[in-house]
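# task: produce atomic coordinates for the following.
(chains A and B)
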2 protein chains.
Amino acid sequence: MPSQRLVYSRRIRSTPFEQRVFENGVSAVSVYNHMTLGSVFRSPVEDYEHLRRYVQVWDVSCQRQVEVVGTDALALVELTTPRDISCCDIGQCLYTPLVDENGGIVNDPVILRLDTDRFWISIADSDVLLWLKGLAAGRGMDVRVFEPDVSPLAVQGPLSDDLMEMLAGPEARELGNFRFILCELAGTPVVLARSGWSGQCGFEIYLQDSSRGLDLWDLVWTEGQPFNIRAGCPNLIERLEAGLLSYGSDITLETNPMECGLDRFYRLGKTAEYLSRDALDRISREGVRRRLVHLLIPGDAVPAPRTVYRVSDGSGHMVGIVTSLAWSPRFRGNLSFATVDVPALEPGTVLTVHTSDGDREGTVRNRTWQ
Amino acid sequence: MPSQRLVYSRRIRSTPFEQRVFENGVSAVSVYNHMTLGSVFRSPVEDYEHLRRYVQVWDVSCQRQVEVVGTDALALVELTTPRDISCCDIGQCLYTPLVDENGGIVNDPVILRLDTDRFWISIADSDVLLWLKGLAAGRGMDVRVFEPDVSPLAVQGPLSDDLMEMLAGPEARELGNFRFILCELAGTPVVLARSGWSGQCGFEIYLQDSSRGLDLWDLVWTEGQPFNIRAGCPNLIERLEAGLLSYGSDITLETNPMECGLDRFYRLGKTAEYLSRDALDRISREGVRRRLVHLLIPGDAVPAPRTVYRVSDGSGHMVGIVTSLAWSPRFRGNLSFATVDVPALEPGTVLTVHTSDGDREGTVRNRTWQ
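Numbering: from 1, shown residues only, chains lettered A, B, ... in the order given. Model (predicted):
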């Protein structure tokens, strides 16, 4: 694997919390929505072990918000997805694949309904802002679409309930999954949601004034001391264990929801117009050629691929690619997501993964690692 | 300035030439359109000195193409910009600011007209694909918008004409500025344009089959040996000397064309419908509050900012920000682009730049460094 320094510039946007991330010794980073995102502090395994035991504060400002507000806000959001948004309560978050007219996934954000006609779309790594601006302008809709000054700070790990109760009172602990409340932290109004990109329990604090970033971080940090808090970031090992997909790696614009286990957001009796209806009807009727599967590669750690590893079946035919991979201390093996052709995806099927370190055998799992 | 390793994944897309970029010792990189882009090989100054004297091969695959094809292709492209696209010849490239309904710049690509109803939009760092897909779907236009398998390889530097003549014959040397031809290199059809993101002469070779990337690179490399060819990349010093703007740094969605010297693409008698007409009419009528200027900071090198440096006027009022900056061996001073409020932008005005290394004086220049 090559190793290069990331060059900073204004184009790689900074975050309100970034100074603390650097001070806490982030050693490797990525770029996500034109913004920095930490990847490693001490080591992937050390970060992982700590995340599973204590509590971490994560700068996930790069989960940018696209605000949609106005008379046609609901109609515009409905247009982007097969998921029924009309049933979303104010104060609720919905994980929502956004799908284009061909059935391709544009993004897989969490949508927050702030009011009847006001949404935040908390996006993965693609410019949803531009897509929605295009759709709204193209249709002449009565709606405003913009990126507000909002930066999420995540608090993740098994002790996050204890910490958030200290910070925000019992309402935090009582908050339902994928529900949010408005409150004040560090003297600034925030949206506090029970959500986050890990399989641990956790919260996301949506800061609405970037000039207050260090105040908010420092408050969380100080109150977190009794809980052995550390600076962290989304952890590859943990998110694979939790089965969380990453847009751009496991899902792209070339993927449709039926190929990656997101079928459940289709055909729920949605009546509102949406762009991908015809395409998804057709795909549903015709079936898919390939699917995303869990592929477990037992034994020692496979080196991280630069992008993907190719996968072949028992007769040597190339049948797919590994899209994400990490060695798990918990399962003593390599967890991977792979996109494979349909005949090869039955649980128990043994496939060959062509790694940079030679061929390795992997077994298709039934959406779990156990 | 912090220094961190970039973490690779499938989400940070690889390029058809990347292996050679790594082999040639790229030491610092950036991410551009979800793809790697080299930033430094030996050092910014060494790379710069070589670029101004010889010829370099640049992997600029991250200048992704958005292909627009079909009956409504011209109408869709016209919609995105105040520039008149109808007068673009087949075989011509046009530098074109794309502007939204509020007058904000979405991107500043070069548009290539491949046929009457077929364009490539060779983009800077934002998902123009999604914006155009949104517009086309929203309007129900008869057009296909997608990212083709096209990766530009740039040949830049004063000896690039000599090299390209060896590679593609006299047609290359005779090619007019911002004109392109179709030819074959390394046994694969390419689009060859006289263009590129430097102030040197140069070409961009649009590879149309990513499986042939190394063949094309190796051909250019071998033929380039007599010309002292090196692997290079867009060079910050050289692009500032040349006065080239960088989308995301010097221009953003918050910038309008009148603020950054792109007025010339407006009010050229364009008759076709375009999204930004009303907004630009209004901005043109009302005038702008701030403008992008050349700001020369004499003396030793100012440290690179993480994002921007603030700029104040003689009475200590904050009047703007430096958006790009590099020390130039040629002008023995720091060249910078700055966005400053209108009263402060007259050539000769002295401003104070608040750098991480203390305050420095800079002088507004009249769009040149001389």
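
# every contact and neighbour count from this point should use C-alpha atoms.
OK.

# how far away is the residue in the stretch 251-370 of chain A positioned nearest to chain B from B:L214?
Nearest to chain B, among the residues of the stretch 251-370 of chain A, is A:T307, at 4.0 Å (C-alpha to the nearest C-alpha). Distance, A:T307 to B:L214, by C-alpha to C-alpha, to the nearest Å: 17 Å.

# and the contacts of the longest strand anywhere in chain A?
Longest strand in chain A, counting residues (DSSP state E): strand A:318-328. The contact list for strand A:318-328 (C-alpha atoms under 8 Å, 6 or more residues apart in numbering or on different chains) reads A:236-237, A:240-241, A:249-250, A:300-302, A:304-305, A:307-313, A:333-341, A:344, A:353, B:9-10.

# that strand pairs with which strands, and in what direction?
In the sheet containing strand A:318-328, its partner strands are strand A:309-312 (antiparallel), strand A:333-341 (antiparallel), by DSSP bridges.

# ok, how many other residues are close to A:R212?
A:R212: 15 surrounding residues under other C-alpha atoms under 10 Å in any protein chain shown.

# which ones are touching it?
Taking C-alpha under 8 Å, 6+ apart as the test, what A:R212 contacts is A:P16, A:T188.

# now swap in A:D142 and tell me
A:D142 sits next to A:G70, A:T71, A:D72, A:A73, A:A136 when contact means C-alpha under 8 Å, 6+ apart.

# who are the contact partners of A:P234?
Neighbouring residues of A:P234 by C-alpha under 8 Å, 6+ apart: A:G38, A:S39, A:W58, A:W197, A:S198.

# for chain B, tell me which of those residues show up nearby.
Contacts with chain B within the contacts of A:P234, counted by C-alpha under 8 Å from any C-alpha of the partner chain: A:S39.

# helices of the stretch 201-350 of chain A, start to end?
Using DSSP state H, counting those that start in this stretch, the helices of the stretch 201-350 of chain A run over A:213-224, A:236-241, A:277-286.

# any idea which of the ones you listed is most buried?
helix A:236-241 (a mean of 23; mean count of other C-alpha atoms under 10 Å in any protein chain shown).

# please compute how far it lies from its chain's middle.
Offset of helix A:236-241 from its chain centre (C-alpha atoms, centre = their mean, to the nearest Å): 12 Å.

# and it with chain B, contact?
No. Shown here: helix A:236-241 not in contact with chain B (C-alpha under 8 Å from any C-alpha), separated by at least 10.5 Å.

# mind saving the C-alpha coords of that helix as CSV?
Written as CSV, here are the backbone C-alpha positions of helix A:236-241 (Å, rounded to 0.1, in the frame of the first residue of the first chain):
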residue,chain,number,x,y,z
LEU,A,236,-13.3,0.4,9.8
ILE,A,237,-13.1,-2.7,11.9
GLU,A,238,-16.1,-1.7,14.0
ARG,A,239,-18.3,-0.6,11.1
LEU,A,240,-17.7,-3.9,9.3
GLU,A,241,-18.5,-5.9,12.5
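
# what is that helix packed up against?
In this structure, helix A:236-241 packs against helix A:44-53, strand A:318-328, strand A:333-341, with contacts taken as 3 or more C-alpha pairs under 8 Å, 6 or more residues apart in numbering or on different chains; DSSP states H and E.

# out of these, which is closest to A:E184?
With C-alpha to C-alpha, the closest approach to A:E184 among these belongs to helix A:44-53: 25.7 Å.

# ok, then the element right after the closest one?
strand A:56-59 (DSSP states H and E).

# near chain B, which residues of the stretch 1-150 of chain A?
By C-alpha under 8 Å from any C-alpha, the part of the stretch 1-150 of chain A that sits against chain B consists of A:2-14, A:22, A:26-31, A:39, A:101, A:126-128, A:130-139.

# how about a cut-off of 6 Å?
Within the stretch 1-150 of chain A, the positions adjacent to chain B are A:4-11, A:27-30, A:127, A:130-131, A:134-135, A:138-139 by C-alpha under 6 Å from any C-alpha of the partner chain.

# out of the residues you listed, list just those in helices.
The helices, defined by DSSP state H, take in A:L130, A:W131, A:G134, A:L135, A:G138, A:R139 from those.

# which among the residues you listed gets closest to B:E254?
Compare each of those with B:E254 using C-alpha to C-alpha and the shortest gap goes to A:L130, at 13.2 Å.

# right, and that closest one touches B:L132 too?
No. Here A:L130 does not reach B:L132: they are 8.4 Å apart, not a contact under C-alpha atoms under 6 Å.

# state the mean pLDDT of stretch A:294-301.
Stretch A:294-301 carries an average pLDDT of 97.

# only the buried residues of it, if you could.
Neighbour-count burial for stretch A:294-301 flags A:H294, A:L295, A:L296, A:I297, A:P298, A:A301 (criterion: 16 or more other C-alpha atoms under 10 Å in any protein chain shown).

# beta partners of A:G362?
So, taking DSSP bridges as the rule, A:G362 has A:L351 as bridge partners.

# quick one, what contacts A:Y95?
A:P109, A:V110 (C-alpha atoms under 6 Å, 6 or more residues apart in numbering or on different chains).

# low-confidence ranges, the stretch 51-200 of chain A, go.
Scanning the stretch 51-200 of chain A for pLDDT under 70 picks out no residues.

# ok, which of the helices and strands packed on helix A:236-241 comes nearest A:G91?
helix A:44-53 (27.2 Å).

# start to end distance for stretch A:286-295?
End-to-end distance of stretch A:286-295 (C-alpha to C-alpha): 25 Å.

# meant to ask about stretch A:173-184
End-to-end distance (C-alpha to C-alpha), stretch A:173-184: 16 Å.

# swap in stretch A:202-216?
End-to-end distance for stretch A:202-216, by C-alpha to C-alpha: 17 Å.

# ok, now stretch A:49-69?
Start and end residues of stretch A:49-69 are separated by 41 Å (C-alpha to C-alpha).

# flag every buried residue along that stretch.
The neighbour-count check on stretch A:49-69 (16+ other C-alpha under 10 Å) flags A:50-52, A:54-69 as buried.

# from the chain's centroid, how far away is stretch A:220-235?
For stretch A:220-235, the separation from the chain centroid amounts to 20 Å (computed by C-alpha atoms, centre = their mean).
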